[in-house]
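# Sequence plus predicted model, see below.
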Amino acid sequence: MYEKFAKQQNSPIEDMLSDQGRDDIKRVEGILIESFRRKYGHFPPWNSIGGSTAGQTKVMENNINIVKSFCQPDDYAINPIVSRSTIQELSKNPEWEWYENYLHAVRMNLLILGMEYDKALEFVNKNDTLGTYERMKKSGYLRKRLIV
């Protein structure tokens, strides 16, 4: 069912079925699982294996800090990388979905390129002609608390 949806013309997620999309997802999963293992000495409770070996070999020091951030989502004042919204909320609010897609680009630069958050944000902002980050700040979205 997902594949049929993703393969429709002008699908918002069609690139996730490409080899590049799948490889990126696997690599990031391997990075996050291995970073967790290095930080806490064991796999996360929801994983019994290490994920992609391509990702495991690409772990950088700041990836370990990212995992620490994910494991402390309540401290959002110093945690700009954790989503502010659940998937259900995003499916009902296109503005928030836009913001999270924007932040996703920042997060991917952190994980794959090893950038620090401020550098990744600056990089994404340089290529944004819509003023997305300023809109997020003005709307208060960056202060929104994630409630799961």
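Right, received. Where do you want to start? Residues are numbered from 1 along each chain as shown.
# Show me which residues of stretch 114-126 are buried.
Neighbour counts using 16 or more other CB atoms under 10 Å place Gly114, Met115, Tyr117, Ala120, Leu121, Val124 of stretch 114-126 among the buried residues. For the C-beta atoms, the positions are set from N, CA and C on the backbone; glycine is no exception.
# Please enumerate residues in contact with that stretch?
60, 62-63, 80-81, 102, 105-107, 109-110, 113, 133 (CB atoms under 8 Å, 6 or more residues apart in numbering).
# if we can go back for a sec, among the buried residues of stretch 114-126, find me the one that's closest to Ser91.
Each of the buried residues of stretch 114-126 was checked against Ser91 using CB to CB; the closest is Val124, at 23.2 Å.
# mind checking pLDDT for that closest one?
On pLDDT, Val124 comes in at 92.
# same check, this time on Glu134
At Glu134, pLDDT is 94.
# helix or strand for it, which one?
In this assignment (DSSP states H and E), Glu134 forms part of helix 132-139.
# Identify each buried residue in that helix, please.
So for helix 132-139, counting by 16+ other CB under 10 Å, buried means Thr132, Tyr133, Met136.
# In helices, which of the contacts of stretch 114-126 fall?
Asn62, Asn63, Tyr102, Ala105, Val106, Arg107, Asn109, Leu110, Leu113, Tyr133 (DSSP state H).
# Pull out the buried members of those.
Asn63, Tyr102, Val106, Arg107, Asn109, Leu110, Tyr133.
# which one of these is nearest Thr53?
Using CB to CB, those come closest to Thr53 at Asn63, 15.3 Å.
# related to what we said a few turns ago, turn the buried residues of stretch 114-126 into a markdown table, including secondary structure and distance to Lys144.
Output for those, formatted as a markdown table (DSSP: H, G, I helix; E, B strand; the rest coil; distance: CB to CB, whole Å):
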| residue | secondary structure | distance to Lys144 |
| --- | --- | --- |
| Gly114 | coil | 28 |
| Met115 | coil | 24 |
| Tyr117 | helix | 18 |
| Ala120 | helix | 20 |
| Leu121 | helix | 17 |
| Val124 | helix | 19 |
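# Now distance to Asp23 too, for those, in TSV please.
As requested, these are arranged in TSV below (distance: CB to CB, whole Å):
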residue	distance to Asp23
Gly114	18
Met115	20
Tyr117	24
Ala120	20
Leu121	25
Val124	21
